[in-house]
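> one predicted model, sequence on top.
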Amino acid sequence: MAHEETTATSGTFSRRTALRLGATALASAAAGPFVFTPARAQGFNWKRFQGKELFLILSKHPWVEVLEKNIPEFESLSGMKIKWETLPEIQARQKLVVEMTSASGGVDGFFTSLHVEKKRFWKAGWYEPLNRFLQDRTLTPAEWDFDDIAGGAKSIITQKDGSISALPAFVDAVILFYRKDLYAQKGLKPPKSHAEWEAQAKGFHAPPGMYGAVFRGLKNANATMFSNTQFSFGADFLTKDGKAALDSKENVAALDWYAGVLRRYGPPGVINFNWYECSASFMQGQVATYFDGINFANQFEDATKSKIVGKVGYVAMPAGPAGAFSSLYGTGMAVSSQSRNKEAAFLFAQWATNKQNAARELLAGVGVARNSPWTDPEVKAKPKMPADWYQAYQDALKIGRLGLPEIVGVTEYRDIIGVAIQKAIEGAPSAQVLAEAQKEFQEMLNKTEG
């Protein structure tokens, strides 16, 4: 994916420069603040592509719902016409694959779920690298501010070669939800460790009226939550040289905890629970603790859906033996490498992900990838969610880590580990099911990662 990149105003922006900047981004995202400052806009003009028409493929998502309401503003601002199709995520991905495989050139930009598509689409060459656009003084105004992007979000959008595949839209961070009214009755504070959490779940567990804990048990869906436990126990998906690492002692300990808590303190049938069933049991007042993506919290405070409005506490994930982590799942606005209007499509993407739109998302109770909206006066004046939700979100972004392996076969991996998790919940030894998963995962990697 070598690109010789140029800008209209600053001469040649070489691939070497792009890779150096990207490598710095990756290192900084892991170690702390990430410095990538686009040049100040000189001659930036919203009307530069006036009269052009763009076509976008979007996915049904809370972030997209807010964005769609404001697209007329961009059309007025830019003089461009935006046409788009919004589909459920899987159907949107299928349509995009068909369009890109046929090389129709009919798609200018798309909403991308990077936790699934990141390496697959990059390897296929479908993402237009955005490094040169971010450096272009005529396309990225200074106030867009790359340094305002949260560190975890930067790592999500950046490939191993340093190329930036999308501008970050929404970041879903895993946090712990707990019944603060029940905790208050027992004089308890939210858990600081997995051991304390398990002990509290045991104390609350009084079936059939109350269960101590719930999280995802269903195959494939459970993989995105289990990763949080993996990290907390010092486990990982892959070794440093890219081999399968599912049979490590750390992964065995993580699965012992995850499956054991669900088996002992989860609701009946939890082995088949996806986020919907987990959320429903929590909202019906049947469960004391629950962890999942923070995006699901809105419904807990909705009196038309929830019996526990005002009774939920929100906190960052407790620490395991290896520390505290939050699995992150990110989306972004990407420019199609086949678009005939790449610069115009980027203009839309940078508008969609700017500070003003991020504040609008947060006002609607939708999470964002930026830092500044959290302190926006309007957001602070009109909070849609409780104060501890905002704090837990910010805390989670600070300890965030990509929640799925960056491989082509993400869906296949989720199925493999998902079956192992289900078997362990049923009582099979963790070491045994992970040894089986290890073999299958490595065979898959041999086929897809070469």
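All right, it came through fine.
> which strand or helix spans Ser306?
Under the assignment given by DSSP states H and E, Ser306 is not contained in any helix or strand.
> give the contact list for it.
By CB atoms under 8 Å, 6 or more residues apart in numbering, Ser306 lies in contact with Met283, Gln299, Phe300. C-beta coordinates here come from the backbone N, C-alpha and C atoms, glycine included.
> now, the residues you listed that are in strands?
In strands, judged by DSSP state E, none of those are found.
> for this protein, what spans make up the strands?
Counting by DSSP E, the chain has strands at residues 5-6, 12-13, 53-59, 81-87, 109-113, 167-179, 289-293, 312-315, 326-335, 400-402.
> and the fifth one, which residues are buried?
In other words, strand 109-113. The neighbour-count check on strand 109-113 (16 or more other CB atoms under 10 Å) flags Gly109, Phe110, Phe111, Thr112, Ser113 as buried.
> what about the nearest residue to the first one once chain neighbours are set aside, neighbour count?
For Gly109, ignoring the flanking residues on the chain, the nearest one in space by CB to CB, 6 or more residues apart in numbering is Ala345 at 4.2 Å. Neighbour count of Ala345, defined by other CB atoms under 10 Å: 27.
> over to Gly51?
Other residues close to Gly51 by other CB under 10 Å number 10.
> sorry, back to before: confidence-wise, which of the strands of the chain is weakest overall?
Taking the average pLDDT of each of the strands of the chain, the minimum falls on strand 5-6, with a mean of 28.
> return the residues in contact with Ile167.
Not quite, residue 167 is Leu, not Ile. Applying CB under 8 Å, 6+ apart, we find Leu167 in contact with Leu130, Ile157, Gly332, Met333, Ala334, Ala349, Gln350, Ala352, Thr353.
> just send those back as a markdown table, with neighbour count and distance to Asp145 too.
Below are the contacts of Leu167 laid out as a markdown table (neighbours: other CB atoms under 10 Å; distance: CB to CB, whole Å):
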| residue | neighbour count | distance to Asp145 |
| --- | --- | --- |
| Leu130 | 26 | 15 |
| Ile157 | 27 | 15 |
| Gly332 | 29 | 16 |
| Met333 | 27 | 16 |
| Ala334 | 30 | 20 |
| Ala349 | 25 | 15 |
| Gln350 | 19 | 11 |
| Ala352 | 22 | 15 |
| Thr353 | 25 | 11 |
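> any idea which of the contacts of Ser306 is closest to Ala396?
For those, the minimum distance to Ala396 (CB to CB) is 16.4 Å, reached by Phe300.
> tell me how far the closest one lies from Ser104.
In this view, Phe300 and Ser104 are 43 Å apart by CB to CB, to the nearest Å.
> more crowded one of these two?
Set side by side, Phe300 and Ser104 show more neighbours around Phe300, with 23 against 11, by other CB under 10 Å.
> the residue nearest to the more buried one when sequence neighbours are not counted: neighbour count?
Using CB to CB, 6+ apart and skipping the chain neighbours, the partner closest in space to Phe300 is Val312 (4.8 Å). By other CB under 10 Å, 22 other residues sit near Val312.
> now Asn274
Asn274 - counted by other CB under 10 Å - has 15 other residues nearby.
> make residue 1 into 55 and carry on from there
Fine by me, first position is 55 from now on; the one you just mentioned is Asn328.
> isn't Val306 up against Ala489?
No - counting by CB atoms under 8 Å, Val306 does not reach Ala489; the two are 9.3 Å apart.
> neighbour count winner among these two?
Neighbour count, other CB under 10 Å: between Val306 and Ala489, Val306 has more, with 20 against 14.
> quick one: contacts for that one?
Ser484, Ala485, Leu488.
> just the closest of those residues to Asn274, please.
Leu488 (16.7 Å).
> which helix or strand in this structure has the lowest average pLDDT?
Of all helical and strand segments in the chain, the minimum by mean pLDDT, DSSP states H and E falls on strand 59-60, at a mean of 28.
> any idea which of the contacts of Ser360 the model trusts least?
Scoring the contacts of Ser360 by pLDDT puts Gln353 last, at 90.
> just give me the neighbour total for that one.
Gln353: 15 surrounding residues under other CB under 10 Å.
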